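Participant: Got a sequence here, can you build the structure:
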Amino acid sequence: MKIEIWSDVICPFCYIGKRNFEAALEQFEHKENLEVEWKSFQLDPTISELTAEGYHDYLTKRKNMSQEQVNGMLSNVTEMAKQSGLDYHLDQSVIVNSKKAHQFIQFAKSKNLGDQAEERLFLAFFTEGKNIADTETLVQLGLELGLDEIAVKSIFDDQSFEYEVAQDIQEAQNIGVTGVPFFLFDRKYAVSGAQPAEAFLETLNTSFEQWRKSNPEVVIQVSQGKSCSIEDGCD
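Facilitator: Okay, the predicted model is just below:
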């Protein structure tokens, strides 16, 4: 069963949602039957790749929030993250355009490393205060994931990955996604926002039960005779 997750790596609730979803997966007994795909979403594509500002300044200037409102919100989000086992340092986070980061994720997905790339970027942004629009930073993160340095450097000149980002964003608009994180289960059930693990587990069980009805488990009764196998040869 396929689960699609729209996320932006500068969204604090997306990392929390990821961790709560993973906690639900640990309790889900059929996780070997799941396929999870991360999809791109940009909360604010107007942010510059060059002008880096902190979370506090960004929310104060661009979202017209007071300093008291910003301080309270960031404190609440940090505590919420802590409850999910995450260590946020939002005072160090560098607000930049996330397009390059999403291109990086799309490339990693082509190497079956989509989840690992998403996790590494979240950690880089929310805990380590790294600039995720900086090419050299992304190259270093790619090397940590085992990706080829030259290949990573070429990502941002490859229109195919830019196209994949745009397609994910368009698809989100088509199905009515207006905020992230957004978890879509088998294109029938959805969880919006960083909900508790219990909510994810409930949706996992419900959606998988419906999916299993249309995709019954195949059980083959085998009558065994003399045969040859790859590992043991012929007996």
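
Participant: For the residue nearest to Y15 when sequence neighbours are not counted, which residues are in contact?
Facilitator: Spatially, and ignoring its direct neighbours in sequence, Y15 is nearest to F122 (4.3 Å; CB to CB, 6 or more residues apart in numbering). The C-beta positions use only the backbone N, C-alpha and C, and glycine is treated the same way. For F122, the contacting residues are V9, C14, Y15, K18, by CB atoms under 8 Å, 6 or more residues apart in numbering.

Participant: Output these as CSV; include the columns pLDDT, secondary structure and distance to N71.
Facilitator: Output for the contacts of F122, formatted as CSV (pLDDT from 0 to 100; DSSP: H, G, I helix; E, B strand; the rest coil; distance: CB to CB, whole Å):
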residue, pLDDT, secondary structure, distance to N71
V9, 97, coil, 23
C14, 98, helix, 22
Y15, 98, helix, 20
K18, 98, helix, 25
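
Participant: nearest to S98, of those?
Facilitator: V9 (5.4 Å; CB to CB).

Participant: check contacts around the closest one.
Facilitator: S98, A101, H102, I105, E118, L121, F122, F125, I132.

Participant: just checking, the fifth one touches E37?
Facilitator: Spelled out, it's E118. No: taking CB atoms under 8 Å as the definition, E118 is not a contact partner of E37, at 10.5 Å.

Participant: Please identify which of the two sits among more neighbours.
Facilitator: E118 (24 against 14; other CB atoms under 10 Å).

Participant: Do a quick rundown of the helices in this structure.
Facilitator: Using DSSP state H, the helices of the chain run over 12-27, 55-62, 67-83, 99-110, 114-126, 135-144, 149-154, 159-174, 197-214.

Participant: Compare the mean pLDDT across those and name the weakest.
Facilitator: Of all the helices of the chain, mean pLDDT reaches its minimum on helix 55-62 (a mean of 87).

Participant: what's it packed up against?
Facilitator: helix 67-83, strand 94-95 (3 or more CB pairs under 8 Å, 6 or more residues apart in numbering; DSSP states H and E).

Participant: what sits up against that helix?
Facilitator: Contacts for helix 55-62 (CB under 8 Å, 6+ apart): 44, 47, 53, 65-67, 69-71, 73-74, 90-91, 93, 95.

Participant: Buried ones in that helix, by neighbour count?
Facilitator: Under the neighbour-count criterion of 16 or more other CB atoms under 10 Å, helix 55-62 has Y55, H56, Y58, L59, T60 buried.

Participant: that older thread, possible to save the helices and strands packed on helix 55-62 as JSON lines with mean neighbour count and distance to P196?
Facilitator: Listed next are the helices and strands packed on helix 55-62 as JSON lines, based on neighbours: other CB atoms under 10 Å; distance: least, CB to CB, whole Å:
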{"stretch": "helix 67-83", "mean neighbour count": "14", "distance to P196": "10"}
{"stretch": "strand 94-95", "mean neighbour count": "21", "distance to P196": "27"}
